[in-house]
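A.B. asks: quick one, fold the following:
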Amino acid sequence: NVHAERGYKCFVVTSTYEDEGKTTVSVNMACALAQKGKSVLLMDCDFRKPAVLRAVGVKSDTRYGLIPIIKGTSTYVDSVKFIKSLGIFVLPTGGVSLKSTEVLDAEKVRNILDQAKKEFDYIIIDSPPSHVVTDSLVIAPLTDGIIYCVRRDYAKTNEVNRTLDEIRGAGVEIMGTILTMSSG
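C.D. replies: Numbering: from 1, shown residues only. Okay, here's the model as predicted:
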């Protein structure tokens, strides 16, 4: 709906803590949009614990992805992979980095996103938890907004509110919240 109303097409999926369903939500959103005939790029921006490739059933290759693009050892074109069985394109991390804030060059990420926005109807970015690391808050201002995952009976209300305040403080629009791992 926000695409039709405001032209938004690039979203970060985050949460307060790990294990709240960010990757599952990201993959499912990408697949649902692809099933509607949209071209979708799913980017994995969790440099510490990348999970998108595992979630879509593809083996990791450290030669291609965001980290190699940022380091200048790979290109965007070589790193984006089409997952035929799901009908989506994936841009993996291309490895793991515990110093992701040092690797995460906002200008290079902006260039990648600018190129992707020209080629895809939607870009879904799976990011690390916002309350744990600042990576998602570095990437989010380059996008149209955040989709916030909250796992039922997991993070305390005050922790969720503090994280939402941090997101708002970064000037990022919260597009919506998804309650995950709920039987109801």
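A.B. asks: which residue ranges of this protein form strands?
C.D. replies: 10-15, 40-44, 81-83, 88-91, 122-126, 145-151, 174-180 (DSSP state E).
A.B. asks: can you lay out the ones you listed as TSV showing distance to T62?
C.D. replies: From N, CA and C alone the C-beta is placed, and that goes for glycine too. Output for the strands of the chain, formatted as TSV (distance: least, C-beta to C-beta, whole Å):
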stretch	distance to T62
strand 10-15	23
strand 40-44	13
strand 81-83	14
strand 88-91	14
strand 122-126	18
strand 145-151	27
strand 174-180	29
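A.B. asks: of all these, which one is nearest V160?
C.D. replies: V160 lies closest to strand 145-151 among the strands of the chain, at 6.0 Å (C-beta to C-beta).
A.B. asks: within its sheet, name the partner strands of the closest one and how each one runs.
C.D. replies: According to DSSP bridges, strand 145-151 forms sheet pairs with strand 10-15 (parallel), strand 174-180 (parallel).
A.B. asks: also compute the angle for it relative to strand 122-126, please.
C.D. replies: Calculated by axes from the mean of the first three to the mean of the last three C-alpha atoms, to 10 degrees, strand 145-151 forms an angle of 40 degrees with strand 122-126.
A.B. asks: contacts for strand 145-151, please.
C.D. replies: For strand 145-151, contacts defined as C-beta atoms under 8 Å, 6 or more residues apart in numbering pick out 2, 8, 11-17, 19-22, 25, 29, 130, 136, 140, 160, 164, 167, 172-181.
A.B. asks: any of those buried? List them.
C.D. replies: Neighbour counting with 16 or more other C-beta atoms under 10 Å marks 8, 11-17, 20-22, 25, 29, 130, 136, 140, 160, 164, 167, 172, 175, 178, 180 as buried within the contacts of strand 145-151.
A.B. asks: number of nearby residues for E166?
C.D. replies: 16 (other C-beta atoms under 10 Å).
A.B. asks: excluding chain neighbours, what is closest to it?
C.D. replies: Nearest non-adjacent residue to E166, counting by C-beta to C-beta, 6 or more residues apart in numbering: S130, 6.4 Å away.
A.B. asks: which ones are touching the one you found?
C.D. replies: Each residue near S130 by C-beta under 8 Å, 6+ apart is listed here: 14-16, 136-137, 146, 163, 166-167.
A.B. asks: spatially central residue in the chain, please.
C.D. replies: A centroid search over the chain (C-alpha atoms, centre = their mean) returns I125, at 1.8 Å, as the residue closest to the centre.
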